[in-house]
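Undergrad: just a sequence and a predicted model for now, questions to come.
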Amino acid sequence: LLLTLLAGAPALVGAQSLTDRVAAVTAGPVRFSFEARPGVCGNGRNISTSRSTSDWEPWCEPGPVRVAVELRNGRAVDLDTYVGGRWRTRRDPVTDLGTVEPADAVAYLLSVTRDGTGSAAEHAVLPIALADAETWPQLLALARDSSRSRAVRRSAVFWLGQAAGEAAVEGLPGLIAGPDEDLEVKKSAIFALSQLRQGGGVEPLIQIARSNRDPRLRKQAIFWLGQSDDPRAIALFEELLTKR
């Protein structure tokens, strides 16, 4: 009977979600790691999401993503994310949960964006964006969720724009057009559109500049179009100026 119980123990631990394993700690520092998406590298503190194509490249170590969470009364109160380097030996006890599946890590981190206190909720968005998983649907949901803090939503909008996927391009203009959305979140969405690669956000920005009811958002869109050096933006400026 004892041998049977021992044989079943690893399977039982493996079946537990990361959320359950962290919840069992309740207080103190917790660490875990997971695979980063391709192109993510770092030097311990600074993190890059795309490898340089120039002749010289600074030292940048590929993943994994390492997350350190400080728990108090079962809730995350602080959260730090690292890529590259190694864990430093701590004098105080720390619970290291080892390497987990990216999807399991994302599920836990999403719970932190909802339940975490202090800076933990906002800081949980970064490792979600770095995970080797398709996370843009979760980021879009965070950006649209008015029950989340402004900081969480703005961070989600930023990383959504960095993802540069077509689905993100489709979601951001809808967020900006929402009549009840926070102004600062809308401005973050406009900035995210301006960061899309290969001019992917130019057309949505032009539409905002032409037809959005809020002059502050139109001005914001025009500002970022002015940074694009795109012929479509220049054509819009000519159109607007000739109407004066």
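TA: Sure, I can see it.

Undergrad: quick one: Ser228 is in a strand?
TA: No - per DSSP: H, G, I helix; E, B strand; the rest coil, Ser228 lies outside any strand segment and is coil.

Undergrad: any idea how far Arg72 is from it?
TA: 45 Å (C-beta to C-beta, to the nearest Å). (C-beta placed from N, C-alpha, C; glycine too.)

Undergrad: Phe223 too?
TA: Relative to Arg72, Phe223 is positioned 42 Å away (C-beta to C-beta).

Undergrad: same thing with Ser155?
TA: Distance, Ser155 to Arg72, by C-beta to C-beta: 22 Å.

Undergrad: mind checking which of the two has more residues around it?
TA: Shown here are Ser155 and Arg72; by other C-beta atoms under 10 Å, Ser155 has more neighbours (25 against 14).

Undergrad: mind listing the strands for the protein?
TA: Applying DSSP state E to the chain gives strands spanning 28-34, 41-42, 47-48, 61-62, 65-72, 75-83, 95-99.

Undergrad: winner for burial among these?
TA: Neighbour counts (mean count of other C-beta atoms under 10 Å) averaged over each of the strands of the chain peak at strand 41-42, with a mean of 22.

Undergrad: now that one: mean pLDDT?
TA: For strand 41-42, mean pLDDT is 92.

Undergrad: so which elements touch it?
TA: On a contact count with 3 or more C-beta pairs under 8 Å, 6 or more residues apart in numbering; DSSP states H and E, strand 41-42 meets strand 47-48, strand 61-62, strand 75-83.

Undergrad: so which of those strands is nearest Gly199?
TA: Of all these, it is strand 47-48 that lies closest to Gly199, at 22.2 Å by C-beta to C-beta.

Undergrad: if we can go back for a sec, would you list the helices and strands packed on strand 41-42 in CSV and tack on mean pLDDT and distance to Arg90?
TA: Below are the helices and strands packed on strand 41-42 laid out as CSV (pLDDT from 0 to 100; distance: least, C-beta to C-beta, whole Å):
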stretch, mean pLDDT, distance to Arg90
strand 47-48, 87, 22
strand 61-62, 89, 21
strand 75-83, 95, 13
